[in-house]
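> Got a sequence here, can you model it:
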Amino acid sequence: MSITVCFLRPFARFLVPYTLHRKRRNLYSAVLQRCMSSKIPSLSYPNKDSTSSPEQLELDGWKTAMKSSMQEEDGVSTVSSKEDTLAATRELIEMWRLLGREVPEHVTEAELKVIMECPSKSAQKKYLRYLFCKERKKKAKQIKKEVKAEAREKAKLLETTEEAEQKDFLFLRLWDRLISNAWGWKGVQAMQFGQPLVFDMGYDNYMNLKELHNTVSQLLESEGCNRRNVDPFHIYFCNLKLDSAFHRELVRRYGEKWDKLLLTATEKSYVDLFPKDNIIYLTADSPNVMTTFKHDKIYIIGSFVDRNSQRGMSLAKAKRLNLATERLPLDKYLQWEIGNKNLTLDQMIRILLSMKNTGSWEEALKFVPKRKHAGYLEISQASQEVYSKLKKTKILNSFPKGSLNVQRWKR
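From the prediction side, this is the model:
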């Protein structure tokens, strides 16, 4: 016994709480059984086989009838409440529409239900704005369709009218063919008897690709303007080397018509084709001012788009070749305001054609862009007095027409 006690003595502090806890649990269970037995009465369960009393049956029927009536009343009330909320949402949408908010014109029943289910007014507004944008897109598509349909109808009407005109006026095609033949005949006459006009094509190495394309466009415009004129020039493309940048771009632009053009394209220089005494190089940097148009001279225009980066190039080339140079009298007759005095190739050929046909600087300088000048300069008072005296003494009428270099200039 002493041996067991001595052996269990170190474990006593662990065994005592365990034993106390066990005893306490048994005590709690005993107290709980006493309380339950004293407070909860015993229930007697009826036999399942025994029949229920008539009072109990009537009570059950009354309960079921009351439940059914309550369900019917709840259904009617829910339907009426739903209708009221739908009407209220419709009125709210109509009020927002009158206030100018982004609300669609037509709202379906499904969309109304979605609006009613929205948790807040901000959500309702966002959904209505979405419907508004959707409706607006539909209207825009419909308008586009209508515009396209109208355009198609107009195109059909134009086609029908054009077909009718072609049927009624078949001579229009013959007229166009005759006009092209007449232009071709004038070009042939210009090649045989016309005054030469040379475009110097030796500047392709001094331009970038964009400037070269711009120059070729101006050359095409110049050729078309000359071909439609009453008395055209015989155009020369000198210094045009085969397979050069100018040649490739011209062939690409004209296509099959390049070999049928009524002009002369050559690799030779104008110095080899014409005598130097008859050549006048037109450049804006020349110190010599052109006074009149000379029908026995050969004017040369440099095919070069000058962007103020390489000024004086054409003048230097003319000086190297010992050629005479001239510039248009723009400062003499025009109130120059902005920009340089370098004109495009098509403007130059229009001015030369006008001077060749009319001899009037007033008519020729109409082709100068009006954005660069403020109009013609006024004649000095002395020249006006001389002209009035000549007119009074009738001396002016005695001279042959064109012998006096007197012009009227209007601002």
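> alpha carbons only for contacts and neighbour counts from here, please
Noted.
> got any ranges where the protein has weak pLDDT?
Along the chain, the parts satisfying pLDDT under 70 run over 1-83, 161-181, 183, 306-310, 337-340, 378-411.
> Let me see the domain layout of it.
As recorded under automatic domain parsing, the domains making up the chain are 84-169, 194-371, 378-411.
> now those in JSON lines, with mean neighbour count?
Converted to JSON lines, the domains of the chain look like this (neighbours: other C-alpha atoms under 10 Å):
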{"stretch": "domain 84-169", "mean neighbour count": "13"}
{"stretch": "domain 194-371", "mean neighbour count": "17"}
{"stretch": "domain 378-411", "mean neighbour count": "11"}
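> right, so of those, which gets closest to G187?
domain 194-371 (5.8 Å; C-alpha to C-alpha).
> all helices of the chain, in order?
Using DSSP state H, the helices assigned to the chain run over residues 2-8, 12-39, 54-98, 109-116, 121-168, 171-193, 209-227, 245-254, 270-273, 313-320, 330-333, 345-357, 361-364, 381-392.
> coming back round to it: wait, which of the domains of the chain is closest to A182?
Among those, the nearest to A182 by C-alpha to C-alpha is domain 194-371 (9.5 Å).
> And that closest one, end to end?
34 Å (C-alpha to C-alpha, to the nearest Å).
> same thing with stretch 267-278?
By C-alpha to C-alpha, the extent of stretch 267-278 from end to end equals 20 Å.
> which other residues reach that stretch?
198, 238-242, 296-298, 322-324 (C-alpha atoms under 8 Å, 6 or more residues apart in numbering).
> One more: stretch 209-218?
For stretch 209-218, contacts defined as C-alpha under 8 Å, 6+ apart pick out 204, 246, 249-250, 303-305, 344-346.
> and what of stretch 129-149?
Residues from elsewhere that reach stretch 129-149, judged by C-alpha under 8 Å, 6+ apart: 102-105.
> Between all of these, which two are separated the most?
Across these, the longest distance by C-alpha to C-alpha is 9.6 Å; it joins E102 and E105.
> how close does S269 sit to W336?
Taking C-alpha to C-alpha, one finds S269 at 35 Å from W336.
> Just to check, M201 is in contact with S244?
No - counting by C-alpha atoms under 8 Å, M201 does not reach S244; the two are 10.1 Å apart.
> so how far is L352 from S360?
The value you get for S360 to L352, if C-alpha to C-alpha is used, is 10 Å.
> my bad, V107
Going from V107 to L352 by C-alpha to C-alpha gives 72 Å.
> Over to R371?
Taken as C-alpha to C-alpha, the span from R371 to L352 is 21 Å.
> and what of T358?
Remark: distance between T358 and L352 (C-alpha to C-alpha) = 10 Å.
> can you check I300 too?
Separation of I300 from L352 (C-alpha to C-alpha) stands at 11 Å.
> Please name the nearest non-neighbouring residue to L352.
A364 (7.3 Å; C-alpha to C-alpha, 6 or more residues apart in numbering).
> Enumerate every residue touching that neighbour.
Going by C-alpha under 8 Å, 6+ apart, A364 touches 350-352, 354-355.
> could I get the contacts of stretch 129-149 as TSV with distance to F132?
Listed next are the contacts of stretch 129-149 as TSV, based on distance: C-alpha to C-alpha, whole Å:
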residue	distance to F132
E102	6
V103	5
P104	4
E105	8
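> quick one: which of those is nearest to L315?
Nearest member of the contacts of stretch 129-149 to L315, counting by C-alpha to C-alpha, is E102, at 69.8 Å.
> which ones are touching that closest one?
Contacts of E102 by C-alpha under 8 Å, 6+ apart are 96, 128-129, 132.
> now swap in K113 and tell me
Neighbouring residues of K113 by C-alpha under 8 Å, 6+ apart: L86.
> now it: how far from W96?
18 Å.
> Likewise for T325?
80 Å.
> what do you get for K260?
Distance, K260 to W96, by C-alpha to C-alpha: 73 Å.
> So what does the residue lying closest to L240 once chain neighbours are set aside have for phi and psi?
Distance criterion C-alpha to C-alpha, 6+ apart; nearest residue to L240, sequence neighbours excluded, is E267 at 4.8 Å. Backbone geometry at E267, expressed as degrees, to the nearest 10, gives phi -80, psi -10.
> My guess is E326 contacts P287. True?
Yes - using C-alpha under 8 Å, E326 is in contact with P287, at 7.1 Å.
> Tell me how far F132 lies from K138.
10 Å.
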